[in-house]
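[1] Quick one, fold the following:
(chains A and B, ligands or ions: 6)
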Amino acid sequence: MDTDDEFMSNVSSDEDMIQDDSDNEVSGDEDFGFDDEPDAYIDSQKDTEKKKAAYEVSFKVYEPTDVQKQQDELVNEVNMILDISKEEAAILLRHFRWNKERLIEDYMDRPSQVLDAAGLSQSSVRELKIRSVPGFACDICCEDDPGLESFALKCGHRYCVDCYRQYLSQKILGEGEAARIQCPSEGCNLIIDARSLDILVTPELTERYHDLLHRTYVEDKDTLKWCPAPDCENVVECAVKKKDLDRIVPTVACLCGHRFCFGCALNDHQPAPCELVKRWLKKCADDSETANWISANTKECPKCNSTIEKNGGCNHMTCRKCKHEFCWMCMGLWSEHGTSWYNCNRFEEKSGVEARDAQARSRISLERYLHYYNRYANHEQSARLDKDIYHKTEKKMVQLQKESGMSWIEVQYLSAASQALQMCRQTLMWTYAFAFYLARNNLTEIFEDNQKDLEMAVEALSEMFERPITSLADPKLKVEIMDKTSYCNKRRVILLEDTAQNLAEGRWTFNTDFSGSSANAGTSTRR
Amino acid sequence: MTSNKRITKELAECTTNPPVGITVTLPNDSDLHTWHVILDGPEDTAYAGGKFGLVVKLPTEYPFKAPTITFATRIYHPNVTNDSLGNICLGLLKSDKWKPSTRLSSVLESVRALLEEPQPEDPLEARIADEYRNDRSEFDKNAKAYVQSEMKVREIQMKWNGLEQYAGLQDQEEKRWFWIMVWAIGKAKVRPKEVMASDDEDQ
Ligand SMILES: [Zn+2]
Ligand SMILES: [Zn+2]
Ligand SMILES: [Zn+2]
Ligand SMILES: [Zn+2]
Ligand SMILES: [Zn+2]
Ligand SMILES: [Zn+2]
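    Numbering: from 1, shown residues only, chains lettered A, B, ... in the order given. Ligands and ions are numbered 1, 2, ... in the order given. This is a model prediction of the structure:
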C-alpha cells in the first residue's frame, strides 16, 4: 500500500507539473513557494504569463532575505530527512550544488562514499579544542616550542593555532573562499566546519565567511544570477540553460529596474543572441580605431559644409545656416525619410561588378561593417542624449507645473515616453549588430522592414521630445506623444516577437558560424 | 618572519638530501625567498642531457600561498610558455589546490615528472601540445634541438660569467665592454636577454 500511495502521489504531482508547464513555462518554482513577492513583481509576472510571447522568458526576482530563506529551508529539509546536523546538511548540499533530490538519492545508496566525497568526516566523536600536546611540532611552520597551542580538525590533522589562523584568513580574505576550504594537510579533503572556524578565528572573519557562503548558493545554482546593477543585491531565477542560448535571448528585469540578459549578464541585447553579441563586441573593440570617427558628435552640413553638432537623440538635422534638412545617419535628404522611400537602415549590397579584386572586396566589407556599426553606435549615443533631454525636461516640467497648475500625474506621459525611447533604442542598437551577421534572404527583408518601422516611429517620438517646453504643455501634443509612445512599444514587440520566433525555430541564416567552439577559436588562432 | 624556520628547514633538506636530478642553490644568501634550481633532463626523454634552470619565488605568505616557479631556460614543452617568461602550468600550485603542508621538494619532483610526462590536455602551448599528441617524432626532434641550443647559451654564459655582475660595474669603459659582449652573444644567434636573465626580473 505504501508504495502504491507513493506511486499515486508521484503521478499526480507530475501531472501538476505538466499542466504548469503548458500554461506558463515556469519550471522549478514549486521549490520556493513565496506568496509575499512585492506587487511590482506580480504585475510583471502576470504580464508575462498572459502574453507568453516568444521573446519573453519566465523569471522570478528574489530579495536577499528570500535567498537566505530558500537556503535555510533546503538545509532544514535535508537535516530532517537524513538525520544529520544542519551544518553537515549544508556542506552536502553545496557539494551537490543544491540538488536536493540527487543528494538524498545518492546518500541513501552509499552514505559513506557521499560523505567522503563531500569532505565530511565520519569519525564524529573527536573533541574540537585548542590545547598543547607534549612533543608536538607543527608541520607547517616547523615550530616545536613546548606549550605550543595546537588544534586538530575532525580528521585529526594537527597544526599550531597560528598556522590554522593564517591559513583560514588567507583563504577567506585573500582568496574569497568559504564553501570549499579543505583541511591544510596535503591530500586531505575534509571541509572546514563552522564550529572549528568559530574556535579558531575572530568574529569578523566568521562574518565574512558566512557572507561568502551565502554567495556560493547563488553561484552554485545555474538557475540563479545576481542582478549586475551596482548596489543591487537581488537575485533573479530563470530556467533558461546555457545550451538554449542560440535559440532564445533571455532578457530579465530586476525589481530595481535593471534589464539584463540572464545568459551573459550584459545589458538587454534583444533581439541578438548572446554569442552574436560577444562576437560583435569583440569586433567593435578590435576595429575601434577605424570606427572611432563615427562616434564624433559633429559632422558637416552636406550642403554648406558648416559644422553641425548633435545634442539630442533625434536624427533629423536642420542646418542653422542654410536650413538644409538631412539625416544624421546617412546624410541623405530628410524629406525622403518620412515616406515609403525610407531606406536608411538597409545596406545596399553592391553587385559583384566592382568587387573583383581583393582590395575592392575588403573596402566593401569595411563599408558594410561601418554601415551597421554607425547605426549601432548612433542609437547607443542617442539613447544617452534622449535621457539627458528627459532629465532636463523633467526639471522644467516641475517648474511648469508650479506655474500652470498641472498636476504631476498629467506629466507622467513624458516619463513613459522617455522609457519607451530608451528601450526601443536599446533594441534598435542590437538589431544592427544582428543584421550585420545575417545572410541575405526574404526573412532578412521582413526583419529590415520591421526595423525600419520601429526606427521611424522612434525618430518621430524623439523629435517631439525636443520641442520647446512651453509647447509640451499643449494637450494636443500630449495626446500625440502618448499615441507615439504606445506605437513605438507596439513596433518593438512586433520586431522582437518575429525575431524570437524565427530564432526559436532555427530559421535565421547567419553569415558567421556561432555554434560550437568559440572557446577553441581563441587558442587555435593564437598559434 | 614566521615562515623563515620552515623555509630554512626545507632548504636544508633540499641541499643535504636533494631529490634525484635536482640541485638547489640560494643566489643571494640573505634572501630565503628566491631559489635557483637546476633540473637535469630525465633520461629516456627528449630532454635527456639538458640542464634546465628554474627560478622559485616564495611569496611572503609562504607556505599559505603557493610558490611561483618559472623556467629560466627555454624549453619546448606543452605546459611551459615558449617565451622568455617560462611560465609553467602545475595543478598543485593553483590557489584552490595548494596546501600549506606541501613541501617544495615534492613540488620540484612534480616539475620533473612533467618533463617525463607532459600533460597535453592542459596546455599552455596548444601547438606544441598538438604536435606532442599527433607527431611525436617531430616533437622529440624540436625538443632536442631546443636542449642543444640552450646548452650553447649556457656555454657562452659560462664564458662571460664574470660579466653577470654588470650592476656592480662602476667604470664606464667596463660597461662599454659589457655591451659589446652582449652584442657578440646576440650575433651568435642566442638571446642575450635570457643569457643575462637573473632573479631581478619579477615575473
Ligand atoms: Zn604552525
Ligand atoms: Zn585533514
Ligand atoms: Zn537589480
Ligand atoms: Zn546575453
Ligand atoms: Zn547647411
Ligand atoms: Zn538616413
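
[2] Any stretches of the stretch 301-450 of chain A with poor pLDDT?
    For the stretch 301-450 of chain A, the stretches flagged by pLDDT under 70 are A:311, A:313, A:338-341, A:349-363, A:405-410.

[3] right, I mislabeled it, should have said chain B
    For chain B, the stretches with pLDDT under 70 are B:1-2, B:153-203.

[4] what does it put close to ligand 1?
    On the criterion C-beta under 5 Å from the ion, ligand 1 has no neighbours in chain B. Where you see a C-beta, it was placed from the backbone N, CA and C, and this is true even at glycine.

[5] Could you list the domains of chain B?
    As assigned by automatic domain parsing, chain B contains the domains B:3-140, B:150-202.

[6] Now the terminal residues of the longest one, how far apart.
    This points to domain B:3-140. 41 Å (C-alpha to C-alpha, to the nearest Å).

[7] longest helix in chain A, by residue count?
    helix A:358-404 (DSSP state H).

[8] hang on, I meant chain B
    Of all segments of type helix in chain B, defined using DSSP H, the longest is helix B:136-159.

[9] That one - contacts with which helices or strands?
    Under the contact definition 3 or more C-beta pairs under 8 Å, 6 or more residues apart in numbering or on different chains; DSSP states H and E, helix B:136-159 sits against strand B:51-57, helix B:126-134, helix B:192-195.

[10] Run through the strands of the stretch 201-350 of chain A in chain order.
    Along the stretch 201-350 of chain A, counting by DSSP state E, counting those that start in this stretch, strands occupy A:224-226, A:235-238, A:251-253, A:259-261, A:298-300, A:307-309, A:316-318, A:325-327.

[11] Quick one: name the residues of chain B near chain A.
    Those residues of chain B that sit near chain A, judged by C-beta under 8 Å from any C-beta of the partner chain, are B:2-3, B:5-6, B:9, B:61, B:63-65, B:95-96, B:99-102, B:126-127.

[12] tally of neighbours for residue A:437?
    20 (other C-beta atoms under 10 Å in any protein chain shown).

[13] Please apply the same query to residue B:82.
    Quick note: residue B:82 (other C-beta under 10 Å) scores 17 neighbours.

[14] got the contact list for it?
    When contacts are counted by C-beta atoms under 8 Å, 6 or more residues apart in numbering or on different chains, residue B:82 is found next to B:74-76, B:125, B:128.

[15] same check, this time on residue B:15
    Contact analysis of residue B:15 by C-beta under 8 Å, 6+ apart lists B:24-25.

[16] quick one: which helix or strand includes it?
    Here residue B:15 sits within helix B:3-16, counting by DSSP states H and E.

[17] Quick check: buried residues in the next helix or strand after that helix?
    As assigned by DSSP H and E, the chain's next helix or strand after helix B:3-16 is strand B:22-25. Under the neighbour-count criterion of 16 or more other C-beta atoms under 10 Å in any protein chain shown, strand B:22-25 has B:22, B:24 buried.

[18] quick one: contacts for residue A:273?
    A:245-249, A:503, A:514.

[19] Contacts only, for residue B:61.
    Residue B:61 neighbours (C-beta under 8 Å, 6+ apart): A:166, A:170, A:174, B:3.

[20] And for residue A:499?
    Residues in contact with residue A:499 (C-beta under 8 Å, 6+ apart) are A:55, A:270-271, A:434, A:447, A:450.

[21] out of the residues you listed, which are inside helices?
    A:434, A:447, A:450.

[22] Please determine how far the second one is located from residue A:246.
    Okay, so that is residue A:447. 17 Å (C-beta to C-beta, to the nearest Å).

[23] These two: which has the busier surroundings?
    residue A:447 (22 against 18).

[24] Verify the contact between the more buried one and residue A:435 for me.
    Yes - if you go by C-beta atoms under 8 Å, residue A:447 and residue A:435 touch, sitting 6.9 Å apart.
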